[in-house]
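Colleague: 3D, please:
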Amino acid sequence: MQIDNRIRDQDLIFFRFSLLSTVLLTAFGMGSFIAILGLFDVLPLSLLYTILLYGYSMVNLIAYYLLQKKQKNYFLSVHIATFSSLFLLTVMTVTVQHDEFRLVWFFLTSFASFILGGKRYGLVITTIIIGIVLYLYNTLEINLSSYAIFTFIIALFVFNIFSFYFLKKIENDSKILEDRVIEEVQKQQLQEQMLLRQYRMAHMGEMIDAIAHQWRQPLMQTNMILLNMDDCLDEDDSKEYIRKKIIELTGVTAHMSQTIDDFRNLLKDGKSKTLFQIDEVIYDTLKLLKKNLKGINVTYIKNNRQLIGYKNELIQVLIIFLSNSIEALKNIEEKNIYITTESDETMLLINIEDSGSGIKNSVLEKIFDPYFTTKKQSGGTGLGLYIAKIIIEQNMQGNLSVQNSKEGARFTITIKKEL
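Modeller: Below you'll find the predicted structure:
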């Protein structure tokens, strides 16, 4: 909420900053131009007013310089532009009496004060304007009737009411829109969290199934060892044989224990960034999918590249991509998966390409959408690639892309290096 408010405030500041810069330059240009016309008698201006126009132009140019030099000078520049305009318009009202519409410029000053300074500032400037006009009418001859003064004040009053409520409506509409955006963002974040939990539960089921798959052969091997040990218990020279089998059994149980550790580490929530080798991530992923990759030729060249990020989450993303490649290669004779990495000073790219049949063009645009799957018959949830997108783009500030290559489909992970 506070971040969104700061963004909104920064947008308003930028708008006012740009508008004030334009106003100051326009005042400088127009003031200089009119002063030149008055100097050459193109316009019937008094010498005093012509000199003041030059001064007004220079003052606005100085205010523009102060504004560009330091953004903190914003309100100083607003004050300079506003009060120099009021002073010049006061002199103009007295000296340029042939202009029956000269009070209109006060309208523009009032409106500019509302936009540049806000509602309260605009009301203060408007009050000053009314005071100036009434003072000039009562003390000096300005060649304006009481009816004209009355009309001006009423019109300015109505104009101020309009400006005040117009700005208030804009602010209220902006606040309502901001609240709706925040609400939608919160809904999206809540939905993503629910999807992440849903995917994690499904992922844990897959991990348990993978552990069971990897344990099946060691358990059978353990059972055979125990049966052989039981058969040789009655033999005289069985002691050495049993010792040998116990060592073999210890190796099998160690392998089973390591399998549990591998998958348990993968399921940990590693929320702190660490420095790790990309080679290590690739090899850990291939190790976890070793049984699933049987019969598939995986090509990867070691490169010793490093990255700061969430290691376990990157492994999960690679598992998702490799699982999709494995699925795509089921009915393909030449089963190949190519894993390559590229990097420069700022970015790291990981490409995973398979020799499958590729992805239909109609599917490419939807492939990262939640619940979109082409594997409903085989139990696909449509969450894998969507979760991968969230992990890379939100958690690791990277980017995911997919395209068809000559071989098949190629997924590319782009991550900003933080070394």
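Colleague: measure residue 390 to residue 190 for me?
Modeller: Distance from residue 390 to residue 190, counting by CB to CB, to the nearest Å: 13 Å. C-beta coordinates here come from the backbone N, C-alpha and C atoms, glycine included.
Colleague: Who has more neighbours out of the two?
Modeller: A count of neighbours by other CB atoms under 10 Å puts residue 390 above the other of residue 390 and residue 190, at 22 against 10.
Colleague: helix or strand for that one, which one?
Modeller: If you go by DSSP states H and E, residue 390 is part of helix 384-390.
Colleague: and if you look at residue 342?
Modeller: Residue 342 belongs to strand 336-343 when assigned by DSSP H and E.
Colleague: Show me what the mean pLDDT comes to for that strand.
Modeller: Computed over strand 336-343, the mean pLDDT rounds to 88.
Colleague: hmm, who's touching stretch 154-170?
Modeller: By CB atoms under 8 Å, 6 or more residues apart in numbering, the residues outside stretch 154-170 that reach it are 106-107, 110-111, 114-115, 118-119, 122-123, 126, 129-130.
Colleague: One more: stretch 43-55?
Modeller: In contact with stretch 43-55 (CB under 8 Å, 6+ apart) are residues 31-32, 34-35, 37-39, 87-88, 91-92, 95-96, 98.
Colleague: okay, who's weakest in the residues you listed by pLDDT?
Modeller: Within the contacts of stretch 43-55, pLDDT is lowest for residue 98, at 78.
Colleague: backbone phi and psi for it, please?
Modeller: Dihedral angles of residue 98 (phi, psi; degrees, to the nearest 10) stand at phi -70, psi -10.
Colleague: The one 4 residues further on now?
Modeller: Summarising the backbone geometry of residue 102 under the convention degrees, to the nearest 10, its torsions are phi -70, psi -20.
Colleague: Need the max-distance pair from the contacts of stretch 43-55.
Modeller: Farthest apart among these by CB to CB are 32 and 98. That separation is 21.9 Å.
Colleague: Of those two, which one has the most company?
Modeller: Per other CB under 10 Å, whichever of residue 32 and residue 98 has more neighbours is residue 32, with 17 against 8.
Colleague: Where does pLDDT dip in the protein?
Modeller: Applying pLDDT under 70 to the chain flags the ranges 1-12, 174, 192-221, 223-238, 241, 251-271, 370-383, 418-419.
Colleague: Domain parsing of it, as residue ranges.
Modeller: Segmentation of the chain into domains, based on automatic domain parsing, reads 2-144, 199-267, 274-416.
Colleague: can you redo the contacts of stretch 154-170 as JSON lines with neighbour count?
Modeller: Below are those laid out as JSON lines (neighbours: other CB atoms under 10 Å):
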{"residue": "106", "neighbour count": "23"}
{"residue": "107", "neighbour count": "16"}
{"residue": "110", "neighbour count": "22"}
{"residue": "111", "neighbour count": "17"}
{"residue": "114", "neighbour count": "22"}
{"residue": "115", "neighbour count": "16"}
{"residue": "118", "neighbour count": "16"}
{"residue": "119", "neighbour count": "17"}
{"residue": "122", "neighbour count": "23"}
{"residue": "123", "neighbour count": "17"}
{"residue": "126", "neighbour count": "23"}
{"residue": "129", "neighbour count": "23"}
{"residue": "130", "neighbour count": "18"}
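Colleague: For stretch 324-337, measure first residue to last.
Modeller: 11 Å (CA to CA, to the nearest Å).
Colleague: Contacts for it, please.
Modeller: 289, 292-293, 295-299, 322, 352-357, 375, 378, 384-385, 407-409, 411.
Colleague: how close does residue 54 sit to residue 36?
Modeller: Relative to residue 36, residue 54 is positioned 9 Å away (CB to CB).
Colleague: Show residues contacting stretch 59-70.
Modeller: Applying CB under 8 Å, 6+ apart, the contact partners of stretch 59-70 are 17, 20-21, 24-25, 27-28, 31, 73-74, 76-77, 80-81, 84.
Colleague: now with 6 Å?
Modeller: Residues from elsewhere that reach stretch 59-70, judged by CB atoms under 6 Å, 6 or more residues apart in numbering: 24, 27, 28, 73, 77, 80, 81, 84.
Colleague: can you count the residues close to the first one?
Modeller: In other words, residue 24. 24.
Colleague: Sketch out the strands for the protein, chain order is fine.
Modeller: 274-277, 297-300, 306-309, 336-343, 347-354, 399-404, 409-416 (DSSP state E).
Colleague: Could you export the ones you listed as TSV, including distance to residue 159?
Modeller: Formatted as TSV, the strands of the chain follow (distance: least, CB to CB, whole Å):
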stretch	distance to residue 159
strand 274-277	63
strand 297-300	72
strand 306-309	58
strand 336-343	62
strand 347-354	55
strand 399-404	51
strand 409-416	52
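Colleague: ok, which stretches of the stretch 151-300 of the chain are helices?
Modeller: Assigned by DSSP state H, counting those that start in this stretch, the helices in the stretch 151-300 of the chain fall at 238-267, 278-288.
Colleague: which secondary structure elements does the last one contact?
Modeller: The helices and strands touching helix 278-288, judged by 3 or more CB pairs under 6 Å, 6 or more residues apart in numbering; DSSP states H and E, are helix 311-328.
Colleague: can we see that at 8 Å?
Modeller: Where contact means 3 or more CB pairs under 8 Å, 6 or more residues apart in numbering; DSSP states H and E, helix 278-288 is packed against helix 238-267, strand 297-300, helix 311-328.
Colleague: Please work out which residues outside the second one touch it.
Modeller: Residues from elsewhere that reach strand 297-300, judged by CB under 8 Å, 6+ apart: 282, 286, 335, 336, 337, 338, 339, 340.
Colleague: Next up, the contacts around the closest residue to the last one other than its chain neighbours.
Modeller: The reference is to residue 340. Take residue 340 and drop its neighbours on the chain: the residue closest to it by CB to CB, 6 or more residues apart in numbering is residue 351, 4.7 Å away. Residues counted as contacts of residue 351 (CB under 8 Å, 6+ apart) are 338, 339, 340, 341, 342, 410, 411, 412, 413.
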